[in-house]
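A.B. asks: Using only what follows, build the 3D model:
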Amino acid sequence: MYEKLNKYSGEIAGKSFLNLIVLTIFFLSGCAMKFPVPDETNQTILIIPVETRQTLGHFVFTLDLSIKGSSGNEGINHTVEPNPKMLFSYNTQLKPGKYKITKMIRKAKPGFKLGGKPRPEKVRDNVEFELEKGKITIIDKMILFQQPDPGKKSQRKDMRGMDKAEQAHERQKEKVKRKKEQKEMRKQRVRFVQFVDLDESFKTKILEELKEVENIDQWKME
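C.D. replies: Okay, the predicted model is just below:
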């Protein structure tokens, strides 16, 4: 009886382990990046290289790009979300033709604030490219995201037991501290978003990562 029970328990454990392996493979395959196959809807793939540098745990904003077409090609808006684990952002909705990235605007993620009203910023660099049917195009510019560390913020003091004069004095002290923190941020002279030239070493990393993308063999590469 004991041997039968051990055998039955072993069979259950074996099946459970097999099911776990199947689920793991399914989960990992579902998480893998996948490009669409070339068709009338997906004629091109635009690759925008992205590098992120940050000292905070996560980025609190996304970036909207305005991509305009020439020769009558229709433009689109493309959203890029900074992610230290991603080397590029891509889009498959553009038709073959010549394009230019003209504007960008940072937008705070839900629950966060950037300070001031978000305003579109003209892209100063000449970010132009041409897309061809059935081909993946990596532009020769890169978006550099940077999110500096504002330093250690002071804890707000509990003012419930203070009278009005003491509360006013404490608020004034907090105001002075905030100005000091803002001054430290300005000293870092960091641009949150900018286009820079794509160097060959970073492009090589992108090409290596693209090899792992499903359906990559269906597309022509530069």
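A.B. asks: Beta-bridge partners for residue 47, please?
C.D. replies: Partner residues in beta bridges with residue 47: residue 90, residue 138, with DSSP bridges as the criterion.
A.B. asks: Near it, how many other residues are there?
C.D. replies: Summarising burial for residue 47: neighbours were counted as other CB atoms under 10 Å, giving 21. From N, CA and C alone the C-beta is placed, and that goes for glycine too.
A.B. asks: can you check the one 5 residues further on too?
C.D. replies: Residue 52 sits with 17 neighbouring residues when counted by other CB under 10 Å.
A.B. asks: Quick check, it in contact with residue 84.
C.D. replies: Yes: contact between residue 52 and residue 84 holds when scored by CB atoms under 8 Å: they sit 4.8 Å apart.
A.B. asks: The helix or strand harbouring residue 142 - which strands sit beside it in the sheet, and in what orientation?
C.D. replies: For residue 142, the element it lies in under DSSP states H and E is strand 141-147. Under the criterion DSSP bridges, strand 141-147 sits next to strand 44-54 (parallel), strand 193-197 (antiparallel) in its sheet.
A.B. asks: Skipping adjacent residues, who's closest to residue 87 in space?
C.D. replies: residue 206 (5.1 Å; CB to CB, 6 or more residues apart in numbering).
A.B. asks: Next up, identify which helix or strand the one you found is on.
C.D. replies: Taking DSSP H and E as the definition, one finds residue 206 inside helix 200-210.
A.B. asks: With that, I have no additional questions.
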